[in-house]
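> for reference, the sequence and a predicted model appear below.
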Amino acid sequence: MSHSQLEAKKAVEAGYWPLYRYNPDLVAQGKNPFTLDSKDPKSSFQDFILGEGRYAALKKQFPELAAELFARAEREAYDKIDYYKKLDNLE
């Protein structure tokens, strides 16, 4: 638990965990209620997930399946970030 903030920071920097805010009160003001706070990923998504025990165990037990799933997870995470960027730019 003493490293949870560092792990959260790594997750954000890898694109695993995007940071955003949603404030529905802004709609009444004619403003976009969604704000993306994360910047583009600057570290390796797969390096991050391999630092997590559950993913490392999956890779050790099923290396071929893990490679396929990790690539898919990375692609989907980046697609989600792209979607959030579009939401952030709505006005």
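Sure thing, it's come through.
> quick one: residues contacting the nearest residue to Y20 once chain neighbours are set aside.
Leaving aside its chain neighbours, Y20 sits nearest to L36 (4.9 Å; criterion: CB to CB, 6 or more residues apart in numbering). Any C-beta I mention is one placed from the backbone N, CA and C, and that applies to glycine too. Listed by CB atoms under 8 Å, 6 or more residues apart in numbering, the contact partners of L36 are 18-20, 81, 84-85, 87-88.
> one more time with 7 Å, if that's ok
Contact analysis of L36 by CB atoms under 7 Å, 6 or more residues apart in numbering lists 18, 20, 84-85, 88.
> return a ChimeraX selection command for the buried portion of those.
Buried members of the contacts of L36, defined by 16 or more other CB atoms under 10 Å, are picked up in ChimeraX with:
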select :18,84,88
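> this protein: strands as residue ranges?
Along the chain, counting by DSSP state E, strands occupy 20-22, 34-36.
> what is the neighbour count of the closest residue in space to E13 that isn't next to it in sequence?
Of all residues not flanking E13 in the chain, S43 sits nearest, at 4.6 Å (CB to CB, 6+ apart). Using other CB atoms under 10 Å, S43 has 14 other residues around it.
> next: I49.
I49, neighbours per other CB under 10 Å, totals 22.
> was I right to think it contacts L58?
No. If you go by CB atoms under 7 Å, I49 and L58 don't touch, sitting 9.3 Å apart.
> ok, back up a step: how near is the residue nearest to E13 to L36?
Taking CB to CB, to the nearest Å as the measure, S43 falls 18 Å from L36.
> what sits against the residue nearest to E13?
Contacts of S43 by CB under 7 Å, 6+ apart are 10, 13-14.
> backbone dihedrals for it, please?
phi -130, psi 170 (degrees, to the nearest 10).
> before I go, just wanted to say thanks for your time.
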